[in-house]
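Enquirer: fold the following.
(chains A and B)
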Amino acid sequence: MAGAGLEVRNLAVGAAGGAILTGVNLTAAPGELVAVTGPSGCGKTTLLRTVAGLLDALSGTIHLDGHTPAAFGWPQYRRRVVLVDQQPVLLDRSVEENLKRPFSYQSANGGFPAARARTLLDRLGLEPDRWDQRARALSVGQQQRVCLVRALLLAPAVVLLDEPTSALDEAATGAAHVLLREEATERGLAAVVVTHNRQQAPEWRLPMTDLRTNMNGPRAANQEPRHEQS
Amino acid sequence: MNSPEASGAIPLGAADVSIAAALILLAAGVSLALRLHLERRLALAAVRTVVQLLLIGYVLKWVFDLEWFVAVVAVAFVMVLAASRAAVQRPSRTFHGATWRAFVSLVVCGFLTTVFVTGVVVGKRPWYAPQYFIPLLGMVLGNGLTGISLCLDHLLESLVERRGEVEMELAHGATRWEAGRDPLADAVRRGMIPIINSMMVVGIVALPGMMTGQILAGANPIEAVKYQIVVMFMIAGATSFGCIMTALLAYRRLFNARHQLEVGLISFQEERH
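Expert: Coordinates of the predicted model:
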C-alpha cells in the first residue's frame, strides 16, 4: 500500500486519442525534492497536470499519503498537491489579492498568513513595495516568484513545479532553490521539479526520473533508452 | 374581430408593399455602386422576409381560427426549437449538447414566462389563447435567443481564452463553481446587455415595434404603453432567466465532477452566412 508522500504508479498520460507517456513511476516522500527530466514536448507538463488532477490519467494510480485524490475530494487534494505552471498565471489584480485568492475558497482551512507572505516574497527578492502593485505589471521572472509564493502559502504536502526557474536569473534561481530546501527540511514539503534542463537536477542535487524511456509514439523512437533514478 | 379599417389601421395593398420594396432596391443599388457585395444577401433576406411572414401569417390565421390547445403548443414547440437552434448557431464556438440546453432554457424560461404573462398578467382565458400567446412568445423568444447566444458566445470564448486562470484557480483548491463563477457571471451580464440597453432608451430613442404596431392599428397609446411595459418586463425576466439557465447548463457540461475544465469539448463551428 502506498506510504507517506506522493506515489505515482504505472501512470499513462495523454489524450483519449493516445498516451504520450506510459509506465511512469514517481515517488516524493515528505521532505524530498525530486526532478523529472525529458526533452521538450515529451509530456512533462501533461504529466504534472495529470498528477495535479487537472487531467485524467489514462491508467495507473496516484496516491497522496496512501489515499487517492477522490478520497480527499479533488479541491482538497489540489490544495495539498499544488501545481505551479511554467507560464505564470496571475489574476489582473494586485500581488496581495493574488496571494489572498486561494484563501477565499471553500477548501481553505485557515486565514491568509500575511506575515509569512511578506517573508517569502522577501526571501525571493521581491521588495515590499511590490505588495500593492498590479501583478501582471511585474516582469515574468517576478511573476514566477509570486506564483511560487502563492503555492507555498497553502502549506501543501507537495508542490509540482513546471520549469520553475525558466525566467529567473542566477541569483533568483539560487534563492528559490534554498527556499525549497528549507521548506522541505523544516516543513516536510515534497517537490517534483520538472525541467528540460538536465543540468539543473545535479546542480540542485535532486534524484532524477528521466522520462525518455516512458515516451510513447513517434518521438520515442528518436530517444536513446535510458532511465536514471537515484 | 374588427376589420383593420374599423380599428383605425389603413389597409395595405400589394402595390403598397411593392413600393416599400423599392427601398430594398435602392439599398441594393447603393451596394452595387459601392461594391459592398451585399446585394445578393439583401435580396435573399428580402425574399425570406416575404415568404416567412406570409407563411406564418397563414399558419397564425389557421391557429387563431382553430384556438385548439394542441395546435398552439405544437406551434410554440416549433418556435422554441427554431429559437434554440438559432441561439447556438450564432456563437463562434459550440459544444456537443448546446442545442438541447438552449432548448430547455427557452422552454423553462421563455415558455413559462409567456404562460405567466398571458394567464396571470393579461388574465386571458384560456391562457393559450393564440392571439395573445403566440405573438408574446415570439417576442420573448426573439429577444431570448439573442441574449442566450451572446451569453454562450462569451462563456465559451472566455473559458477558452481564460483557461489558464480557471485552471490556476482549480490547481489551488477552488471548486469548479469558484473557478467558473467569474466567466459565468460575465457571460450572463453580456447576454443581458441588449435588453437592458433597450429598456434604458425605450420611448426616448426608439418606439418598440409592438407598441408602434398597436398605435398604427388605432389603439389608445396609453393602452399600447401598458402592454409594452408588460412586454419589456416579460422579455427582461425571460432573457435573464434564460441566460442564467443556459450558462449553468453549459457550465455543468464543461466542468466535470472531478472539478476539471473540459475545454476539449468546446469547438469552433463554421460560420453560417
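Enquirer: and the gap between the most centrally placed residue in chain B and B:I148?
Expert: By Cα atoms, centre = their mean, chain B has its centre lying nearest to B:G142, at 2.4 Å. For B:G142, the distance to B:I148 equals 11 Å [Cβ to Cβ, to the nearest Å]. (C-beta placed from N, C-alpha, C; glycine too.)
Enquirer: what about the residue nearest to B:A238 when sequence neighbours are not counted, which helix or strand?
Expert: Excluding its sequence neighbours, the residue lying closest to B:A238 (Cβ to Cβ, 6 or more residues apart in numbering or on different chains) is B:T113, at 4.0 Å. Assigned by DSSP states H and E, B:T113 falls within helix B:112-116.
Enquirer: CA atoms of that helix as CSV?
Expert: Extracted C-alpha coordinates of helix B:112-116, given in CSV (Å, rounded to 0.1, in the frame of the first residue of the first chain):
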residue,chain,number,x,y,z
LEU,B,112,-43.3,29.6,-18.8
THR,B,113,-42.8,33.3,-18.6
THR,B,114,-45.2,33.7,-21.6
VAL,B,115,-47.7,31.4,-19.9
PHE,B,116,-47.5,33.5,-16.7
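Enquirer: which residues touch A:A135?
Expert: A:A135 is in contact with A:L90, A:L91, A:D92, A:R93, A:S94, A:V95, A:E97, A:N98, A:Q143, A:V146, counting by Cβ atoms under 8 Å, 6 or more residues apart in numbering or on different chains.
Enquirer: residue ranges in the chain under the pLDDT threshold?
Expert: Reading this off chain A. A:1-2, A:200-205, A:217-230 (pLDDT under 70).
Enquirer: can you look at chain B instead?
Expert: B:1-8, B:270-273.
Enquirer: what residues does chain A have near chain B?
Expert: Proximity of chain A to chain B (Cβ under 8 Å from any Cβ of the partner chain) is limited to residues A:15, A:52-56, A:70, A:74-76, A:78-79, A:82-83, A:85, A:87, A:89, A:91, A:101-102, A:104-108, A:150-151, A:154.
Enquirer: just the buried ones from those residues, in PyMOL syntax?
Expert: Per 16 or more other Cβ atoms under 10 Å in any protein chain shown, the buried members of the residues of chain A next to chain B correspond to this PyMOL selection:
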select buried, chain A and resi 52+53+54+55+74+75+76+78+79+82+83+85+89+91+101+102+105+107+108+150+151+154
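Enquirer: from the residues of chain A next to chain B, which land in strands?
Expert: A:A15, A:V82, A:L83 (DSSP state E).
Enquirer: tell me the SS of whichever residue of the stretch 101-250 of chain B sits closest to chain A?
Expert: With Cβ to the nearest Cβ as the measure, B:G173 is the residue of the stretch 101-250 of chain B nearest to chain A, at 3.3 Å. Of the three states, B:G173 takes coil according to DSSP: H, G, I helix; E, B strand; the rest coil.
Enquirer: I figured it was touching A:S107, is that so?
Expert: Yes. If you go by Cβ atoms under 8 Å, B:G173 and A:S107 touch, sitting 4.0 Å apart.
Enquirer: between these two, which contacts overlap?
Expert: Shared contacts of B:G173 and A:S107, counting by Cβ under 8 Å, 6+ apart, come down to A:P75, A:Q76, A:R78, A:R79.
Enquirer: and the residue nearest to the spatial centre of chain A, backbone torsions?
Expert: Centroid check for chain A by Cα atoms, centre = their mean gives A:L160 as the closest residue, at 1.5 Å. Backbone torsions of A:L160, given as degrees, to the nearest 10, read phi -110, psi 110.
Enquirer: show me what it bridges to in the sheet.
Expert: Taking DSSP bridges as the rule, A:L160 bridges to A:L83, A:V192.
Enquirer: how about the contacts made by it?
Expert: Contacts of A:L160 (Cβ under 8 Å, 6+ apart): A:L48, A:V51, A:A52, A:V81, A:V82, A:L83, A:V84, A:A191, A:V192, A:V194.
Enquirer: from those, pick the one nearest chain B.
Expert: For those, the nearest to chain B is A:L83 (4.3 Å; Cβ to the nearest Cβ).
Enquirer: all helices in chain A, in order from the N-terminus.
Expert: A:44-51, A:69-72, A:74-80, A:95-100, A:114-123, A:140-152, A:170-187, A:200-203, A:218-221 (DSSP state H).
Enquirer: whoops, I mixed them up, chain B
Expert: So, for chain B - with DSSP H - the helices run B:14-34, B:39-66, B:69-89, B:98-105, B:112-116, B:130-161, B:163-171, B:176-201, B:209-216, B:221-254.
Enquirer: buried by neighbour count: which residues of stretch B:224-237 qualify?
Expert: Quick answer for stretch B:224-237 (16+ other Cβ under 10 Å): B:A224, B:V225, B:Y227, B:Q228, B:V231, B:M232, B:M234, B:I235, B:A236, B:G237.
Enquirer: sorry, back to before: so the residue nearest to the centre of chain B versus B:P135, what's the distance?
Expert: 11 Å.
Enquirer: by proximity to chain B, which residue of chain A wins?
Expert: For chain A, Cβ to the nearest Cβ, closest residue to chain B: A:R79, 3.3 Å.
Enquirer: which phi and psi does the residue nearest to that residue when sequence neighbours are not counted have?
Expert: Of all residues not flanking A:R79 in the chain, B:G173 sits nearest, at 3.3 Å (Cβ to Cβ, 6+ apart). Main-chain dihedrals, B:G173, degrees, to the nearest 10: phi 100, psi 10.
Enquirer: end-to-end on stretch B:94-113?
Expert: 26 Å (Cα to Cα, to the nearest Å).
Enquirer: contacts for it next, please.
Expert: B:76, B:80-81, B:83-85, B:87-88, B:137, B:140-141, B:144-145, B:148, B:152, B:156, B:234, B:237-239, B:241-242, B:245-246, B:249-250, B:253-254, B:265-269.
Enquirer: go on, stretch A:73-81?
Expert: A:6, A:51-54, A:64, A:69-70, A:72, A:102, A:105-108, A:154, A:156-160, B:170-175, B:258-260.
Enquirer: repeat that with 7 Å
Expert: Outside of stretch A:73-81, the residues that reach it under the criterion Cβ atoms under 7 Å, 6 or more residues apart in numbering or on different chains are A:6, A:51-53, A:64, A:69, A:72, A:105, A:107, A:154, A:156-158, A:160, B:170-175, B:258-259.
Enquirer: spatially nearest residue to the residue of chain B most remote from its centre, not counting backbone neighbours?
Expert: What lies farthest from the middle of chain B is B:H172; by Cα atoms, centre = their mean that is 39.0 Å. Spatial nearest neighbour of B:H172, excluding adjacent residues (Cβ to Cβ, 6+ apart): A:P102 at 4.1 Å.
Enquirer: which residues sit in contact with the residue nearest to A:A28 when sequence neighbours are not counted?
Expert: Nearest residue to A:A28, sequence neighbours excluded (Cβ to Cβ, 6+ apart): A:A190, at 3.9 Å. With contact taken as Cβ under 7 Å, 6+ apart, A:A190 is in contact with A:G5, A:L6, A:A28, A:A29, A:P30, A:G31, A:E32, A:A157, A:V158.
Enquirer: a markdown table please, covering these and showing neighbour count.
Expert: Below are these laid out as a markdown table (neighbours: other Cβ atoms under 10 Å in any protein chain shown):
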| residue | neighbour count |
| --- | --- |
| A:G5 | 19 |
| A:L6 | 25 |
| A:A28 | 27 |
| A:A29 | 14 |
| A:P30 | 16 |
| A:G31 | 17 |
| A:E32 | 18 |
| A:A157 | 21 |
| A:V158 | 24 |
